[in-house]
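*Asks:* Curious how this folds, go ahead:
(one chain, ligands or ions: 1)
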Amino acid sequence: MKNMIRRKKANAARLIWQRLRQYLGLFQYNARAIILVWSTNRILTIVLAILTLIAGLLPGAVAYIGKLIVDAVVHASGEAQTNYRTNALSYVGLEALLVILLTGTQRSLSLCQSLLRVQLGQKVNVLILEKALTLDLPYFEDSEFYDKMNTARREASSRPLSLVNRTFKLVQDALSLVAYGGLLLQFSVWAVPVLAFSAVPAFVAETRFALEAFRLFRWRSPENRQQSYLETLIAREDYAKEVKLYQLGPMLLQRYRDIFQRLYGEDRDLTVRRGFWGFLLGLLSIAAFYLAYAWIVLEAIAHRITLGDMTMYLMVFRQGQSTFSSILTSIGGMYEDNLYLSNLYEFLEQEIPKSNGQATFGLIPHDGVRFEDVYFTYPGKSQPALKGISLHLKPGEKLAIVGENGSGKTTLIKLLTRLYVPSRGRILLDGLDLQSWDISVLHRRMSVIFQDFVRYQFTVGENVGVGDVKNLEDLERWQIASEKSQAKPFIESMPNGFFTQLGRWFKGGTELSGGQWQKIALARAFMRTEADILVLDEPTAAMDAMAEAEIFERLSQLTKNQMLVLISHRFSTVRIADKIVVLSEGTILEQGTHAELLKAQGLYQKLFSIQAAGYQ
Ligand SMILES: Nc1ncnc2c1ncn2[C@@H]1O[C@H](COP(=O)(O)OP(=O)(O)OP(=O)(O)O)[C@@H](O)[C@H]1O
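*Replies:* Numbers count the residues shown, from 1 in each chain. As a prediction, this is how the structure comes out:
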């Protein structure tokens, strides 16, 4: 029996300990937040700590001077002694000085916090962006991971400082409470623990609700993303045309409102419950406070304490109560901050499996590119996008890939450029698996223009220059590259030539036509002269017939020493290739030269004749 009771007790103790650890575990980020703040600006952090200390101790001193004033007044009025009067007046002066000091300290504290907030916000954002730069493409396409990053970005820049401020505020309040407690102990040893315990239920409720708030916040990431997407659709110029002409505005706005209503409903429930329980449990501490208050009044009436003592205790009580509730708020808030920070650190510390390829040259120089039985399935998909792809592209060779929409052409390029890793099989460059190559060396050897190339809101020259970031500002190279892509004539006709700002986001920006943008993108590809693999995905789809014909006429010449991988739906353009691959549903259906494929009378020949017929 005794054993059973002992075991039960041990179990209960273990449970309490576990719970406590769970609670305390959630405060683990305080120290990290302080380190983060410390590394952001040491001087400001030290000043903040010192000011917090002063601001914590001063209120106790003010309360004590209050007592001295009242006692001196009582003496002075009873015995009409001038030195008591002088005493009383000098205490008043002293209190005024202390209050000035306190106000100054508090002002300086908020000044320090404002400065730190800006610096810390910048620092955390840079950390997040630096991490984002290390991520491979699949991470950006993984909505869960993307949500984590956005949650981190949205909130985390303000949270670390908030956590540090709260930690310091807690220390400050705790110091004030210790000072008050010290003064109160003279009254009764019981007053302090009674007041402390009365605050526990409110504290537990506060942390519980903070956890719930965080869960809500996390669940909602997808909804928040939807909302910000709708905002973008409604408010951004590149969507405005369609939104207006299809009259999508009201429908989009309604969706936006609906999401808000749903979120608001959940928020309101939580806020109401939090407020209700906070109030109810807060009543407990108020009751304890006022009982003690009444006790002090009775003691003063019975002359067991002086009037000065009573004034001091009452002040200590009032201040103590507000310090208590401020501590509660700090702890609840700190708990929330910790939860948000856990999200930030989860993002920052997510292990990114990196291929440790370091090779800067291949095993068989000049072997070119080989696909060996390559399969690829997109994450989360059941059907492979590419199946058993094998091909060989020798240095200087031109390869064209054709095939219907969704047949896997772009996917093949994504694998070739190592944005994705094959699920099976290998891709070799100069006899060495792409995974073994140093990624920056590999990317330097490639020049790629995707169908959805980026229209940078930079100057024309920079839009070309980004093709070779080392020579971003090199006017001469811009000129050569844009001459190759037929972009030079229209660039030079613009008022500021290569220095014209493009896009509409910034003042004085000029918008280009689709074909003009494409010529700029092509110039970007030609800018990368170091690259020996040029990949062009529908490079001339938006260009006029003349420009397209001129580019293709010269393309073989322009890319004489480069391997060229060209995706196109126009058969007139692919015929320049040494080898044409016809993709269908992720597999190679046919391959050969234009003449061979025509002769084979397969899909290529069929599609070619359909297109040719269209022009007759
Ligand atoms: N990021 C992605 N995640 C999942 N599936 C994708 C992704 N991108 C493409 N797919 C799928 O992979 C298949 C091949 O797409 P891919 O973009 O390679 O086709 P494509 O031949 O380039 O088409 P198009 O001629 O329309 O440009 C399609 O079924 C497509 O739905």
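*Asks:* Show the pLDDT at residue 20.
*Replies:* You'll see residue 20 listed with a pLDDT of 68.
*Asks:* I figured residue 109 hits residue 52, correct?
*Replies:* Yes: taking contact to mean Cβ atoms under 8 Å, the distance of 6.8 Å between residue 109 and residue 52 places them in contact. For every residue, glycine as well, the C-beta is placed using N, CA and C.
*Asks:* contacting residues for the closest residue to residue 522 other than its chain neighbours?
*Replies:* Nearest non-adjacent residue to residue 522, counting by Cβ to Cβ, 6 or more residues apart in numbering: residue 485, 3.7 Å away. By Cβ atoms under 8 Å, 6 or more residues apart in numbering, residue 485 lies in contact with 519, 520, 522, 523, 525, 526, 551.
*Asks:* and if you look at residue 440?
*Replies:* Residues in contact with residue 440, defined by Cβ under 8 Å, 6+ apart, are absent; none qualify.
*Asks:* distance of it from residue 45?
*Replies:* Separation of residue 440 from residue 45 (Cβ to Cβ, to the nearest Å) stands at 37 Å.
*Asks:* Then residue 187?
*Replies:* If you go by Cβ to Cβ, the gap between residue 187 and residue 45 works out to 37 Å.
*Asks:* ok so, going back, tell me the one among the contacts of residue 485 nearest to residue 70.
*Replies:* In terms of Cβ to Cβ, no member of the contacts of residue 485 lies closer to residue 70 than residue 520, at 80.8 Å.
*Asks:* Would you mind listing the buried residues in the one helix or strand that closest one maps to?
*Replies:* Element membership for residue 520 (DSSP states H and E) is helix 514-527. For helix 514-527, the buried set under the neighbour-count rule, 16 or more other Cβ atoms under 10 Å, comprises 515-527.
*Asks:* Just send those residues back as JSON lines, with pLDDT too.
*Replies:* Listed next are those as JSON lines, based on pLDDT from 0 to 100:
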{"residue": "515", "pLDDT": "92"}
{"residue": "516", "pLDDT": "93"}
{"residue": "517", "pLDDT": "94"}
{"residue": "518", "pLDDT": "92"}
{"residue": "519", "pLDDT": "93"}
{"residue": "520", "pLDDT": "94"}
{"residue": "521", "pLDDT": "93"}
{"residue": "522", "pLDDT": "93"}
{"residue": "523", "pLDDT": "94"}
{"residue": "524", "pLDDT": "94"}
{"residue": "525", "pLDDT": "92"}
{"residue": "526", "pLDDT": "92"}
{"residue": "527", "pLDDT": "93"}
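*Asks:* For the ligand, see how far away the spatially most central residue of the chain is.
*Replies:* For the chain, the residue nearest the mean C-alpha position is residue 153 (2.5 Å; Cα atoms, centre = their mean). The gap separating residue 153 from the ligand is 22 Å, by Cβ to the nearest ligand atom, to the nearest Å.
*Asks:* Wait, a helix at that residue?
*Replies:* Yes: assignment of residue 153 by DSSP: H, G, I helix; E, B strand; the rest coil places it within a helix.
*Asks:* The closest residue to it other than its chain neighbours - how many residues pack around it?
*Replies:* Among residues not flanking residue 153 along the chain, residue 128 sits closest, at 5.5 Å (Cβ to Cβ, 6+ apart). The tally of other residues near residue 128 (other Cβ atoms under 10 Å) stands at 19.
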